[in-house]
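Participant: I would like the atomic coordinates for the input below:
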Amino acid sequence: MEIIKVRHFIKNLNESGKFHPLYREVFDAYIKKDEFAFKEDTQRKAEEDTQRKAEDDTQRKAEDDTQSKAEQDFYQSYKNLLGHLKKRFILSETKILPAELEALIAQLKPAVLSKQTQLLILQSILNYAKKHHGIDSPNIPSIVTLKRDKPILSPVELVKLLIVDMLYSLLDKELISPNRALSNNEKLGRAALLVYLTVNVSKTQELLSILEHPQDVFYVGGICYWQKQQRATEPTRYILSDVAVMALQQLANVKQDTSKIQTCILKYLNTASEFDWPDLSMLKLRTLRKIHNILQLGPVQYQMYFLPSMSQALPDHAFMRILTDKACLYFEPHLLGQVIYAQTNLNN
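Facilitator: Next comes the predicted model:
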């Protein structure tokens, strides 16, 4: 490896200009991949220039002008940075002195490029000097930009807080003192609300499947879950809340037509509530559930528990082991109805 003095290396960069391999590496990495904010500025300026052009100018020419202007701005900043290097690195010979590097960084001012971009280009120059010429240098600071996450609830959703409160207050009241004067369709609407709002059902078809087979509730290790007994594909399981289990038990002896589930939900709400519910689609109901869960759990827990994630269907014995923390190779869960029937016979 050739040992070369610092000032000779800087002189070589200045004389070679755009033809030096370092320049091409930096330009290709930082300009063509759109990794710097200054390109957005140059594109905006180019768009303004394009608007002032004659109407017969083509879009292709405007894009070429944008690219050309971006490279000109980058090269000008690159040359300015080399000028700072030549001016500041006086005592540095075979390695760059920390004091001179600190003085150089202190002089950097955001002009065409941001200071962060200038530091990145400077780091590229120092890395090239170390790799090809053995010139050591201290580490340079980096600017870390902290970006806030977008609010998980939008202002439009926050406006619906009153509706969320009315809906969940109605269901809480229903759990304390159930309305016994409901029609079958209204009972179906109540059960649909209780299941949908307490179980992480993502699709309407999945909700309908649960409501059509309310007897397929299994009990194992103190936990209840729903799983369709007759299935041709991998099982879909839902861990049920106590509220959902109660709703499905009450629905087991009710004849229902789940094809009009949205109508049933509206009938129940307009019967049990003093508020006029003119319309409540499943999409709106999902939004109300989202708002409630975020306010109750917090944004982090909501994203962990309710947002879509990759999963793998487990065989029954593996699923049982997760629920009970026991080896369940020969242990089968029992239908909840059978468990209750057996306990009733034992008590008698």
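
Participant: okay, now the unreliable bits of the chain?
Facilitator: Counting by pLDDT under 70, the ranges of the chain that qualify are 1-4, 30-67, 109-114, 143-151, 231-234, 256, 308-311, 327-348.

Participant: ok, residue 118 touching residue 108?
Facilitator: Yes - between residue 118 and residue 108 there is a contact under CB atoms under 8 Å: 5.0 Å. The C-beta positions use only the backbone N, C-alpha and C, and glycine is treated the same way.

Participant: ok, the two, which is more surrounded?
Facilitator: A count of neighbours by other CB atoms under 10 Å puts residue 118 above the other of residue 118 and residue 108, at 23 against 17.

Participant: any idea how far that one is from residue 68?
Facilitator: 21 Å (CB to CB, to the nearest Å).

Participant: next one: residue 16
Facilitator: From residue 16 to residue 68 the distance is 21 Å (CB to CB).

Participant: do the same with residue 306
Facilitator: For residue 306 relative to residue 68 (CB to CB), the value is 49 Å.

Participant: which residues do residue 118 and residue 108 both contact?
Facilitator: residue 81 (CB atoms under 8 Å, 6 or more residues apart in numbering).

Participant: more neighbours: which of residue 306 and residue 68?
Facilitator: Using other CB under 10 Å, the more surrounded residue of residue 306 and residue 68 is residue 306, with 15 against 12.

Participant: how is this protein divided into domains?
Facilitator: 6-133, 181-289+321-347 (automatic domain parsing).

Participant: format those domains as CSV; extra columns: distance to residue 155.
Facilitator: Shown next, in CSV, are the domains of the chain (distance: least, CB to CB, whole Å):
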stretch, distance to residue 155
domain 6-133, 27
domain 181-289+321-347, 13
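
Participant: between the ones you listed, which one is closest to residue 302.
Facilitator: domain 181-289+321-347 (10.5 Å; CB to CB).

Participant: and the helix or strand residue 173 falls within, what does it pack against?
Facilitator: Residue 173 belongs to helix 161-176 when assigned by DSSP states H and E. Applying 3 or more CB pairs under 8 Å, 6 or more residues apart in numbering; DSSP states H and E, we find helix 161-176 packed against helix 184-198, helix 261-272, helix 282-297.

Participant: okay, buried residues for it please.
Facilitator: Neighbour-count burial for helix 161-176 flags 163, 164, 167, 168, 170, 174 (criterion: 16 or more other CB atoms under 10 Å).

Participant: nearest to residue 220 among those residues?
Facilitator: residue 174 (28.2 Å).

Participant: and the nearest residue to residue 167 once chain neighbours are set aside, how far is that from residue 97?
Facilitator: Of all residues not flanking residue 167 in the chain, residue 288 sits nearest, at 6.0 Å (CB to CB, 6 or more residues apart in numbering). Distance of residue 288 to residue 97, given as CB to CB: 64 Å.

Participant: so those two - more neighbours on which side?
Facilitator: Higher neighbour count among residue 288 and residue 97: residue 288, with 20 against 17, using other CB under 10 Å.

Participant: hang on, the more buried one packs against residue 166?
Facilitator: No - applying CB under 8 Å as the test, residue 288 and residue 166 come out as separate, 9.8 Å apart.

Participant: now do the strands in this protein.
Facilitator: Ranges of strands in the chain, per DSSP state E, are 217-220, 223-227, 237-239, 334-335.

Participant: turn those strands into JSON lines, including mean neighbour count.
Facilitator: Putting these into JSON lines (neighbours: other CB atoms under 10 Å) gives the following:
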{"stretch": "strand 217-220", "mean neighbour count": "21"}
{"stretch": "strand 223-227", "mean neighbour count": "19"}
{"stretch": "strand 237-239", "mean neighbour count": "16"}
{"stretch": "strand 334-335", "mean neighbour count": "14"}
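
Participant: with distance to residue 259 added, can I get those in JSON lines?
Facilitator: Putting these into JSON lines (distance: least, CB to CB, whole Å) gives the following:
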{"stretch": "strand 217-220", "distance to residue 259": "22"}
{"stretch": "strand 223-227", "distance to residue 259": "20"}
{"stretch": "strand 237-239", "distance to residue 259": "21"}
{"stretch": "strand 334-335", "distance to residue 259": "26"}
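
Participant: out of the ones you listed, the one nearest residue 301 is which?
Facilitator: Comparing these by CB to CB, strand 237-239 comes nearest, at 15.9 Å.

Participant: centre of the chain to stretch 74-94, how far?
Facilitator: Mean-position distance between stretch 74-94 and its chain equals 42 Å (CA atoms, centre = their mean, to the nearest Å).

Participant: ignore what I typed, I meant stretch 7-26.
Facilitator: 42 Å.

Participant: before we move on, what about stretch 206-223?
Facilitator: Centre to centre, stretch against its chain (CA atoms, centre = their mean), the figure for stretch 206-223 is 30 Å.

Participant: endpoints of it, how far apart?
Facilitator: Taking CA to CA, to the nearest Å, stretch 206-223 runs 20 Å from one end to the other.

Participant: buried ones in that stretch?
Facilitator: Of the residues in stretch 206-223, those buried (16+ other CB under 10 Å) are 206, 207, 209, 210, 211, 213, 214, 216, 217, 218, 219, 220.
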